[in-house]
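J.: just coords:
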Ligand code: NAD
């Protein structure tokens, strides 16, 4: 029998990972580089941390800074990466925020939190995605991988209504790109994590205790960033292109659809 080893090789591919200075984005950047990709490590304002991730990744990785809440920043970021790397083959929309906003909040604070959530979690994703799609059209194709959330499908607690709504928007965006642009060799995927041990989850765990989170899991331990990253590498490789439009749940069995 012919032996076929599965080798996930990203040699020659350039990948932009947003929010890669820590957490899930950092794990994705390191895994991408280990598979042979050249990684554009986007960090918020803290270029020092992103630079450290780029150094750890090696393979020509480079750090870029941008505040994605700023309307113009995502487009500038994408153009900067293309001008430095020559091309981008994969965009991982990972950066995101999760703001607690109880329904009882004063109107002005509520509106600000809603707008900030939509700016980072949806508008920046939309701008980067459009830039990437236009670029992919010129280079013969590419892959989009969006880190959404279980909340898009299951819903969240009422204190996180904007967060859940923003991730639902990303899922719809991804499906639409996938359905419309596959024949142009443009694929789009969603990863929908449950709780993952990062700074984002730390505050909740600190307040409510880890048992509050692990008690809802089918598995014995909380998901780590590196439980997410290998799937993202596989999607980036092209070996899973026929799954375009899909959303992959990585939530330790806490929400099985
Ligand atoms: P994290 O807070 O550690 O990382 C978020 C990243 O986004 C950081 O690198 C941060 O700098 C970046 N970011 C936030 N606001 C930004 C802005 N205005 N401009 C530029 N960058 C900005 O959290 P994480 O858990 O690693 O989150 C990564 C993604 O995973 C997010 O989209 C998040 O919604 C999603 N997610 C996380 C969990 C979880 O439990 N941790 C669960 C489901 C989905």
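T.: Thanks, I have the structure now. Values in this document were obtained by computation on a predicted structure and should not be read as measured data.
J.: which residue is nearest the middle of this structure?
T.: The centroid of the chain falls nearest to residue 94 when counting by CA atoms, centre = their mean (2.2 Å).
J.: so what's residue 80 scoring on pLDDT?
T.: Looking at residue 80, its pLDDT stands at 98.
J.: partner strands of the lengthiest strand in the chain, parallel or antiparallel?
T.: When the chain is parsed with DSSP state E, its longest strand is strand 186-193. Under the criterion DSSP bridges, strand 186-193 sits next to strand 142-147 (parallel), strand 247-250 (parallel) in its sheet.
J.: Stretch 119-131 close to the ligand?
T.: Yes - using CB under 6 Å from any ligand atom, stretch 119-131 reaches the ligand at residue 120. C-betas here are computed from N, CA, C, even on glycine.
J.: for that stretch, the distance to its chain's centre please.
T.: With CA atoms, centre = their mean, to the nearest Å as the basis, stretch 119-131 stands 12 Å off its chain's centre.
J.: Please apply the same query to stretch 44-54.
T.: 17 Å.
J.: So which residues on the stretch 151-257 of the chain come close to the ligand?
T.: Close to the ligand, as judged by CB under 6 Å from any ligand atom, the stretch 151-257 of the chain has residues 193, 195-196, 198-201.
J.: 8 Å - rerun?
T.: The stretch 151-257 of the chain comes close to the ligand at residues 151, 163, 167, 192-201, 223, 225, 228, as judged by CB under 8 Å from any ligand atom.
J.: Among these, which are located in strands?
T.: The members of these that map onto strands under DSSP E are 192-193.
J.: Restricted to helices, list the residues of the stretch 151-257 of the chain next to the ligand.
T.: 151, 163, 167, 199-201, 225, 228 (DSSP state H).
J.: Please convert the residues you listed to a markdown table, extending it with pLDDT.
T.: Below are those laid out as a markdown table (pLDDT from 0 to 100):
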| residue | pLDDT |
| --- | --- |
| 151 | 98 |
| 163 | 98 |
| 167 | 98 |
| 199 | 92 |
| 200 | 90 |
| 201 | 90 |
| 225 | 98 |
| 228 | 98 |
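J.: Name the member of these with the most neighbours.
T.: Counting neighbours by other CB atoms under 10 Å, residue 167 leads those with 27 neighbours.
J.: Check the contact between it and residue 148; I expect there is one.
T.: Yes - taking contacts as CB atoms under 8 Å, residue 167 lies within contact range of residue 148: 4.3 Å.
J.: Give me the common contacts of the two.
T.: When CB atoms under 8 Å, 6 or more residues apart in numbering defines a contact, the residues bordering residue 167 and residue 148 alike are residue 192.
J.: coming back round to it: check the gap between the residue nearest to the centre of the chain and residue 55 for me.
T.: Look at residue 94 and residue 55: by CB to CB, to the nearest Å, they are 19 Å apart.
J.: Check residue 83 too.
T.: 21 Å.
J.: Compare neighbour counts for the two and give me the winner.
T.: When residue 83 and residue 55 are compared for neighbours, residue 55 comes out ahead with 11 against 8, by other CB under 10 Å.
J.: any idea which element the more buried one lies in?
T.: helix 47-57 (DSSP states H and E).
J.: Kindly report the same for residue 255.
T.: Per DSSP H and E, there is no helix or strand for residue 255.
J.: For it, give me its contacts.
T.: Counting by CB under 8 Å, 6+ apart, the residues that residue 255 touches are 150, 153-154, 194, 249.
J.: if we can go back for a sec, wait, doesn't the residue nearest to the centre of the chain sit right on residue 147?
T.: Yes - if you go by CB under 8 Å, residue 94 and residue 147 touch, sitting 4.4 Å apart.
J.: okay, and the common contacts of those two?
T.: 24-25.
J.: which bits of the stretch 1-150 of the chain sit near the ligand?
T.: Looking at the ligand, the residues of the stretch 1-150 of the chain close enough under CB under 8 Å from any ligand atom are 18-26, 42-46, 66-70, 73, 93-98, 119-121, 124, 147-150.
J.: Tell me the residue of the stretch 51-200 of the chain that sits nearest the ligand?
T.: Nearest to the ligand in the stretch 51-200 of the chain, going by CB to the nearest ligand atom, is residue 96, at a distance of 2.4 Å.
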